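[1] the sequence and its predicted three-dimensional model are supplied below.
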Amino acid sequence: MLLENRIFAITGGASGIGREAALEAARHGADVAISDIAEEETVQPLLDEITSLGRKAVYLQGDVSAAETATCFIETIVQGLGGLDIFVSNAGICPFHSFLDLPSETLRRTVEVNLLGAYFMVQAAANQMVRQGRGGAIIAVSSISALVGGEFQSHYTPTKAGVHSLMQSTAIALGRHGIRCNSVLPGTIRTAINEQDLADETKAEAMIRRIPLGRFGRPEDLAGPIVFLGSDLAGYVTGASLLVDGGCFVNLQ
Ligand code: RM4
């Protein structure tokens, strides 16, 4: 029970990594707030699963690229759960596309969701934690792609590098408030974000061969690292980043 009676909030929590992190936080005793662009009715089974674990659950449908969504999410969290202890900025997109002919609107949307959305949400969460005066933990879901490139991800990898860097800067700005900021860097985790991309069996087999643990990650593989970074077990960890990639990044030969 690493998060007993804590209040845990996550964006992009309706599916994939966000969904599994939300459930694991509830298993560890937290009340949970979720935001996502999905219709609430599609998220209701997840909310029901969290309440079946004896924890409270609240939901806000919204687009993180709009600054006002962050304000609304914090209001939803405080009104529904009474405060905020752990905030996870997870929402993100990766519309794979070649570089030379990348449409400007695809670039803009990816930056607005992945980087601006993270910034708005982290800033709003931090201000709530500062108002509360009891510290807190902020975790951003960056990526192995903060550290390496992707031919069809030229619009995406800079946003993940930006999220990684954002946690380093906010760790400095918020340390005096007892707020820790860290990032997790997932490797290739099978979710809806890459379902179409990994349908290419030749690509998928080549990528798996580079992973020492011999498999793609599963969303639940991120749940433990996120709970750890949000818990008191990570009480002296801030400005750090945790690769969760099956060893892929370090595997040159
Ligand atoms: C990750 C990494 C994975 C890709 C996802 C969409 O950062 O690049 O390989 O499948 O993004």
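    That came through, no problem.
[2] which bits of the stretch 1-150 of the chain sit near the ligand?
    On the criterion C-beta under 6 Å from any ligand atom, the ligand has as its neighbours in the stretch 1-150 of the chain the residues Cys94, Ser143, Ile144, Ser145, Gly150. Using the backbone N, CA and C atoms, a C-beta is placed for each residue, glycine as well.
[3] need the pLDDT of the third one.
    At Ile144, the model reports a pLDDT of 98.
[4] right, and it touches Val184 too?
    No - applying C-beta atoms under 8 Å, one finds Ile144 not in contact with Val184, separated by 10.2 Å.
[5] so for these two, which sits in the more crowded spot?
    Using other C-beta atoms under 10 Å as the criterion, Ile144 and Val184 rank with Val184 on top: 26 against 21.
[6] any buried residues in the helix or strand harbouring that one, and which?
    Taking DSSP states H and E as the criterion, Val184 maps to strand 179-186. Taking 16 or more other C-beta atoms under 10 Å as the neighbour-count basis, strand 179-186 is seen to contain the buried residues Ile179, Arg180, Cys181, Asn182, Ser183, Val184, Leu185, Pro186.
[7] stretch 215-235 too?
    Judged by neighbour count using 16+ other C-beta under 10 Å, the buried positions of stretch 215-235 are 216-217, 219, 221-223, 225-231, 234.
[8] partners of the strand holding Val184, with directions?
    According to DSSP bridges, strand 179-186 has the following sheet partners: strand 136-141 (parallel), strand 241-244 (parallel).
[9] so for the shortest one, mean pLDDT?
    What it means is strand 241-244. When pLDDT is averaged along strand 241-244, the result is 98.
[10] now find how far off-centre it is within its chain.
    Offset of strand 241-244 from its chain centre (C-alpha atoms, centre = their mean, to the nearest Å): 12 Å.
[11] is it anywhere near the ligand?
    No - with C-beta under 6 Å from any ligand atom as the measure, strand 241-244 is seen stopping short of the ligand, the closest distance being 11.1 Å.
[12] buried stuff in that strand?
    By neighbour count on 16+ other C-beta under 10 Å, the buried set for strand 241-244 is Ser241, Leu242, Leu243, Val244.
[13] could you export it as PDB, CA atoms only?
    Taking only C-alpha atoms (Å, rounded to 0.1, in the frame of the first residue of the first chain), the coordinates of strand 241-244 have been written out as PDB:
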ATOM      1  CA  SER A 241      14.400   9.800 -15.400                       C
ATOM      2  CA  LEU A 242      13.700   6.100 -15.300                       C
ATOM      3  CA  LEU A 243      14.000   4.000 -18.500                       C
ATOM      4  CA  VAL A 244      11.400   1.300 -18.700                       C
END
